[in-house]
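Trainee: curious how this folds, go ahead:
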Amino acid sequence: MEDSLQIAIVGGGAAGFFAAIACAEANPQARITIYEAGPEPLSKVRISGGGRCNVTHHCTDPRRLIQAYPRGGRALLGPFSRFQPQDTIAWFESRGVRLKTEADGRMFPVSDRSSSIINCLLDEAERLGIQLRLREPIVGVERQATGFRLQLRQDSVEVDRLLLATGSSPSGYRLATALGHELIPPVPSLFTFTVLDPALRNLAGVSCDRVQASLQVEGDRLSETGPLLVTHWGLSGPVILKLSAFGARLLHQRRYQAELRINWLPDRSPEQVRLDLQATRATTSKRQLGNWRFNDLPQRLWLYLLQRAAIPSDRRWSEVSKKQLTALWQAFTAGTYAIAGKGVFKEEFVTAGGVPLGSLNSKRMESKHCPGLFFAGELLDVDGITGGFNFQNAWTSGWIAGQALADRGH
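Mentor: So this is what the prediction gives:
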């Protein structure tokens, strides 16, 4: 009888657990241990989506799905053809965790509690005999002729196969480089923008369902459309987070100094907005601007845009000059805001960079030059926009790596 495969998974997050479970189901004789440096597993799952856990996104077309990944998307086309959101939904629902889809496509457990996902993963791991060692960082690793030696704080263990699923932890990067992998330097992704304009920051809490925001960084221009939220430090919301993701490296190189242009009325052409302003001035000439609200904009935002155009709010429409009307039109359709730095997106940080997918066999998530070494999750140079896409990368890469870890034939 063959000896059981000894498998170590470093990192007790979504990708690590999903890989461990997939491996145990594919090879029940394998002896699998998850090593987690922290005091509790699945900590990022717990805080995701404000404690609700944004499990995935309801996009079942792999070619559309990869468009949500600023980095790694093209290389994920093959993996997503094997395990995609539809498979994630089926996996959890077959284990008693039903998911629901919100209007923007994000998917959450019907309980609206991340504990539903955590308990499901923990229960499956326990049922399958997977060992979990908490507060157990791996401080070193050595490649051996037939496997790996892992150095723990107190002792060492020898394993046949190794999966690194440490997220953006520096320890994971160290282990990857110790085993011969070069890294694409990690930088932050999914962050908010700091804007120093005090008048704008006084609008904290104001939100718009749809704006067009364009990021100008020297010769590079990125543009996104979606909801925006004004905060006490600047700007947030899905449209800003998308820009931060696609512009992560550009912004990092330029120390998060850039120009942001906002069109507050993207569903109307700039020319139509100009004509509407002219018509409003002609038909409501006696109305005071401060008692008006153009195109259902939030009242506080309307007053702010008047201020940007240097038009007193107690002015009547008939008293607005052509020059002032042009300034107001520009404030509506092409207002510029200086980005002075980056904020954070709640506790949910994501990084761009890590182990390049080109150094792996994407059918197995296995290193091309270090057989028996596998990767999954955010340690890879893969990152998605907000909306469940980063967890889907964890489920997909974890499932594929888990299947390969279990394979006795390699």
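
Trainee: only C-alpha atoms for contact and neighbour calcs from this point on.
Mentor: Will do.

Trainee: tell me where the stretch 1-150 of the chain has helices.
Mentor: Ranges of helices in the stretch 1-150 of the chain, per DSSP state H, counting those that start in this stretch, are 14-26, 43-51, 62-65, 77-82, 85-93, 114-127.

Trainee: and stretch 104-121, how far out from the chain middle?
Mentor: Offset of stretch 104-121 from its chain centre (C-alpha atoms, centre = their mean, to the nearest Å): 17 Å.

Trainee: hang on, the earlier thing: can you tell me which of the helices of the stretch 1-150 of the chain is most buried?
Mentor: helix 14-26 (a mean of 27; mean count of other C-alpha atoms under 10 Å).

Trainee: which strands and helices sit next to it?
Mentor: Other elements packing on helix 14-26 under the criterion 3 or more C-alpha pairs under 8 Å, 6 or more residues apart in numbering; DSSP states H and E are strand 6-10, strand 31-35, helix 114-127, helix 389-405.

Trainee: just the angle between the first one and helix 389-405, please?
Mentor: For the pair strand 6-10 and helix 389-405, the angle between their directions (axes from the mean of the first three to the mean of the last three C-alpha atoms, to 10 degrees) equals 160 degrees.

Trainee: what's strand 6-10 in contact with?
Mentor: With C-alpha atoms under 8 Å, 6 or more residues apart in numbering as the test, strand 6-10 has contacts from 16, 20, 30-36, 138, 158-166, 405.

Trainee: just the buried ones among the residues you listed, please.
Mentor: Neighbour-count burial (16 or more other C-alpha atoms under 10 Å) applied to the contacts of strand 6-10 gives 16, 20, 30-36, 138, 158-166, 405.

Trainee: a markdown table please, covering the helices and strands packed on helix 14-26 and showing distance to residue 278 and mean pLDDT.
Mentor: Shown next, in a markdown table, are those (distance: least, C-alpha to C-alpha, whole Å; pLDDT from 0 to 100):
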| stretch | distance to residue 278 | mean pLDDT |
| --- | --- | --- |
| strand 6-10 | 64 | 98 |
| strand 31-35 | 66 | 98 |
| helix 114-127 | 51 | 98 |
| helix 389-405 | 44 | 98 |
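
Trainee: where in the chain is pLDDT low?
Mentor: 1-2, 344-348, 409-410 (pLDDT under 70).

Trainee: one more pass at 90, please.
Mentor: For the chain, residues meeting the criterion pLDDT under 90 lie at 1-3, 49-50, 216-221, 285, 291-296, 343-350, 408-410.

Trainee: tell me the SS of the residue lying farthest from the centre of it?
Mentor: Distance from the centre of the chain peaks at residue 286, with 49.1 Å (C-alpha atoms, centre = their mean). Under DSSP: H, G, I helix; E, B strand; the rest coil, the three-state class of residue 286 is coil.

Trainee: what is the neighbour count of the residue nearest to it when sequence neighbours are not counted?
Mentor: With C-alpha to C-alpha, 6 or more residues apart in numbering as the criterion, residue 286 has its nearest non-adjacent residue at 5.7 Å, and that residue is residue 316. Residue 316 sits with 19 neighbouring residues when counted by other C-alpha atoms under 10 Å.

Trainee: quick one, what contacts residue 316?
Mentor: Residue 316 touches 285, 286, 287, 288, 289, counting by C-alpha under 8 Å, 6+ apart.

Trainee: so which of these wins on neighbours?
Mentor: Highest neighbour count within these: residue 289, with 24 neighbours (other C-alpha under 10 Å).

Trainee: mind checking the backbone torsions on residue 262?
Mentor: Phi and psi for residue 262, reported as degrees, to the nearest 10, are phi -120, psi 130.

Trainee: how many residues are close by it?
Mentor: Residue crowding around residue 262 was assessed by other C-alpha under 10 Å; the count is 22.

Trainee: and for residue 337?
Mentor: With other C-alpha under 10 Å as criterion, residue 337 counts 18.

Trainee: ok so, going back, so how far is residue 319 from the residue farthest from the centre of the chain?
Mentor: 9 Å (C-alpha to C-alpha, to the nearest Å).
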